[in-house]
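Novice: how would this look folded up:
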Amino acid sequence: MSLDDLEIQMIGLALPTGGEPRRVLCIGAHCDDIEIGCGGALLQLQKTAGKLAIDWVVLTGEQTRRDETTAAMQLLVEPAFRGGLDFGGFPDSRLPAVYGELKDYFNTLRTRFHPDIIFCHEKHDAHQDHRLVNEMVWGAFRDHFILEYEIVKWDGGLGTPNVHVPLDADVVDRKVDVLMRTYGSQRSKDWFTPDSFRAITRIRGIECRAPSGHAEGFTARKIVMPLHAAQG
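Specialist: Predicted structure coming up:
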C-alpha cells in the first residue's frame with residue numbers, strides 16, 4: 001500500500017470501484033444547518049469524488065423553512081448527485097422534549113440509509129438540538145465514517161477541528177450565494193450575513209493552508225484504518 005492509498009483510506013473518501021455511487025448522508029437539526037456546516041464540502045465533493053449520491057435529512061422546520069431548504073438543496077446538489085430529502089417534522093428548539101420519538105425516527109434512518117460518509121452536528125455544540133442530533137447519529141450509525149460540522153452562533157462554542165476540507169474560490173462564492181438567496185426568513189438576523197460565513201471559512205483555510213485561503217473544518221472522533229496486506 002502506497003502512502004497515497006493510506007491517505008485516501010484514512011479520510012474515508014476513496015472513490016467507488018464498482019457501479020454503485022459513494023453515498024453521503026447529511027443530517028441537520030434545522031433547515032439551514034447542513035448548508036452552513038458542510039455546504040462547501042458537498043460542493044467540493046461533487047467536483048472531485050466521481051460517483052456520488054447525497055441524501056439530506058432535516059429534523060425540524062415549518063413549511064416556509066422547508067421550502068427554503070428544498071430550494072437550497074437543489075442549488076447545492078446537482079441532479080446527478082441528488083438523493084432523498086426528508087423532513088422529520090419535530091418541534092424546533094425542543095428536540096430534547098421528544099427524545100423517545102427522535103430515537104425511534106433515527107432507528108428508521110438506520111434501516112433506510114447505508115451511507116459511506118455522514119455529516120452531522122458537532123458533539124459539543126452549544127445548541128441543545130444540535131447536541132442531541134449528534135448523540136442520535138452516533139447511537140444509530142455505529143460503524144460509519146462521521147464528520148461533525150460546526151455552526152457559528154451567538155453562544156460561541158467553536159472548537160478545534162481535526163479535519164479540514166479546502167474549498168475552491170468558486171465553491172465559497174456559491175455556498176454563500178445559496179445561503180443568502182434561499183433563506184429569506186433568516187436574512188434579518190444579525191449573524192446571517194455573507195461576512196459571517198466567509199469569516200469561518202477563512203479561519204479554517206488559514207489552519208490548513210488552503211490554496212484559496214478558505215476551508216471548512218470538521219471533527220472526526222473515530223477513524224478506522226484498514227491496513228490490508230498487499231496481494232500477490
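
Novice: what comes up buried for stretch 63-77?
Specialist: Across stretch 63-77, burial judged by 16 or more other Cβ atoms under 10 Å covers 65-66, 68-70, 72-73, 75-77. Just so you know, the C-beta spots here come from the backbone N, C-alpha and C atoms, and that holds for glycine as well.

Novice: just checking, which of those belong to helices?
Specialist: Counted as lying in helices by DSSP state H, out of these, are 65-66, 68-70, 72-73, 75-76.

Novice: can you add pLDDT and give those residues back as CSV?
Specialist: Shown next, in CSV, are those (pLDDT from 0 to 100):
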residue, pLDDT
R65, 96
R66, 97
E68, 98
T69, 98
T70, 98
A72, 98
M73, 97
L75, 97
L76, 98
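
Novice: got a pLDDT number for R22?
Specialist: At R22, the model reports a pLDDT of 89.

Novice: relative to F106, how far out is S196?
Specialist: 30 Å (Cβ to Cβ, to the nearest Å).

Novice: more neighbours, the two?
Specialist: The residue with more neighbours, out of S196 and F106, is F106; 20 against 16, by other Cβ atoms under 10 Å.

Novice: mind checking what helix or strand follows the helix or strand containing V178 in sequence?
Specialist: According to DSSP states H and E, V178 maps onto helix 169-182. Following helix 169-182 in sequence order, the next helix or strand is helix 194-208 (DSSP H and E).

Novice: remind me what that following helix packs against, helices and strands.
Specialist: strand 163-166, helix 169-182, strand 215-219 (3 or more Cβ pairs under 8 Å, 6 or more residues apart in numbering; DSSP states H and E).

Novice: can you list the strands that the shortest one pairs with?
Specialist: Which is strand 163-166. Neighbouring strands of strand 163-166 in its sheet, by DSSP bridges, are strand 215-219 (antiparallel).

Novice: identify the residues contacting the strand it pairs with?
Specialist: Contacts with strand 215-219, where a contact means Cβ atoms under 8 Å, 6 or more residues apart in numbering, come from 37-38, 40-41, 119, 122-123, 147-150, 159, 161-167, 200-201, 204-205, 207-208.
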